Each structure stands twice: as C-alpha cells, then as structure tokens.
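Sequence and predicted model, in that order:
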Amino acid sequence: QDYAAGRLRGAGKIFGPLSKLISAKPEHNTAIETALAANIQNIVVDNEETAKAAIRYLKQSGAGRATFCPVSSVTPQEETAEQRETMRCAGCIGRADLLVDCDAEFRKIVSRFLGRTMIFSDLDAAAAAAADGQDGQVFGVSLCHKRGQRWRVRKFGKTPAETREAEGIAVLEGEHGGMK
C-alpha cells in the first residue's frame with residue numbers, strides 16, 4: 001500500500017525508474033538509452049534513508065534486487081574543456097544530458113549519468129571526434145540510431161597508454177521498455 005503510493009514506512013519518496021522520469025526527442029531516444037545502459041532502470045528516490053528502507057524491504061520480502069539513486073546525494077557532471085571543443089566537431093548534436101527533458105529535481109541525476117556523453121549524427125562523425133580528442137578525462141560518444149542500430153564510441157585517456165574503442169550494438173527497434 002505504501003509502496004504503491006510511492007512511499008515506504010519510515011522513508012521518503014520513491015519516484016520510480018529513471019526511464020519513466022525522462023524523455024527525449026524520438027531521434028535521440030536510442031542514443032540516450034544506449035548511453036544510459038543499465039542505469040536507465042535505476043530507481044530514483046529522494047534520499048539515502050529511502051534507498052536503505054527500499055533495500056531492506058526487498059531483502060525482507062525476497063522481491064529481488066534493484067539499484068537506487070538518491071536525488072539528495074547525486075553530484076552532477078561539470079562540462080569539460082574537451083566537451084566544449086567537441087561541440088565544434090562536424091556532426092556533433094550536443095551533450096546528452098542537455099537533450100533530455102525531465103523535471104528540475106531530476107536534472108542532477110541526468111547530468112550525472114549523461115553529462116560526459118556527446119551525441120553525434122553518425123558513426124563517422126563520432127569516430128573523427130574521438131580520433132581528434134585530447135588526452136585527459138574519459139568521455140563517451142553515442143550516436144543517434146540509424147536503421148535499427150545503436151553505436152557507442154569511447155575514447156579513454158586516463159593513462160598515457162590511451163585506448164580507443166568503437167562498438168556497434170545491433171538492436172531490434174520496438175517495445176523494449178524504453179523511456180516514457
């Protein structure tokens with residue numbers, strides 16, 4: 001009864017899975033979902049006490065496992081100089097977190113999970129940006145979908161032995177529990 005109302009006894013508010021709290025333009029949905037990966041199903045709650053109460057509830061009832069994301073303890077990502085430089089690259093659509101619509105109270109969570117991800121129009125543009133990137137912090141690049149495919153290009157530069165990876169993930173478009 002309390003859970004159905006979005007509350008647990010002795011705890012605060014359960015807002016629901018992140019996927020139900022955000023939206024994006026249809027042409028950006030696949031890129032946003034790809035960038036979020038499993039985080040898209042994180043359960044957003046108001047604070048750590050609510051997360052602890054929900055975890056206790058799941059353990060006591062044997063109802064499974066979930067990842068909780070307390071609004072009160074999330075630190076948003078800060079824009080980097082590398083991202084500002086990437087914005088000038090051909091085919092760059094923008095930072096993923098800024099392409100997502102959500103209530104103001106969830107903006108820090110969206111920034112946390114998507115604030116370092118850049119969305120590009122196609123794989124060639126993302127690969128060119130990754131190849132031209134600066135050494136430094138990790139940043140990700142996800143592409144808008146084209147013909148039912150998802151792509152993620154990442155440049156890793158945390159160590160002098162920089163690595164680059166281009167990964168294509170073929171998916172079937174349709175009902176798959178995506179964003180609202």
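Perfect, I can see it now.

Now do the helices in this protein.
All helices of the chain, identified by DSSP state H, fall at 26-36, 48-61, 81-86, 107-114, 123-132.

TSV please, covering these and showing mean pLDDT and distance to residue 92.
From N, CA and C alone the C-beta is placed, and that goes for glycine too. Compiled in TSV, these are given as follows (pLDDT from 0 to 100; distance: least, CB to CB, whole Å):
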stretch	mean pLDDT	distance to residue 92
helix 26-36	86	12
helix 48-61	88	35
helix 81-86	83	6
helix 107-114	94	15
helix 123-132	75	7
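
could I get the ones you listed as JSON lines with distance to residue 94?
Shown next, in JSON lines, are the helices of the chain (distance: least, CB to CB, whole Å):
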{"stretch": "helix 26-36", "distance to residue 94": "9"}
{"stretch": "helix 48-61", "distance to residue 94": "31"}
{"stretch": "helix 81-86", "distance to residue 94": "10"}
{"stretch": "helix 107-114", "distance to residue 94": "11"}
{"stretch": "helix 123-132", "distance to residue 94": "12"}
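
Quick check, pLDDT for residue 149.
For residue 149, the model assigns a pLDDT of 51.

thinking again about what came up before, what about the helices of the chain, which gets the closest to residue 70?
Residue 70 lies closest, by CB to CB, to one member of the helices of the chain: helix 48-61, at 4.9 Å.
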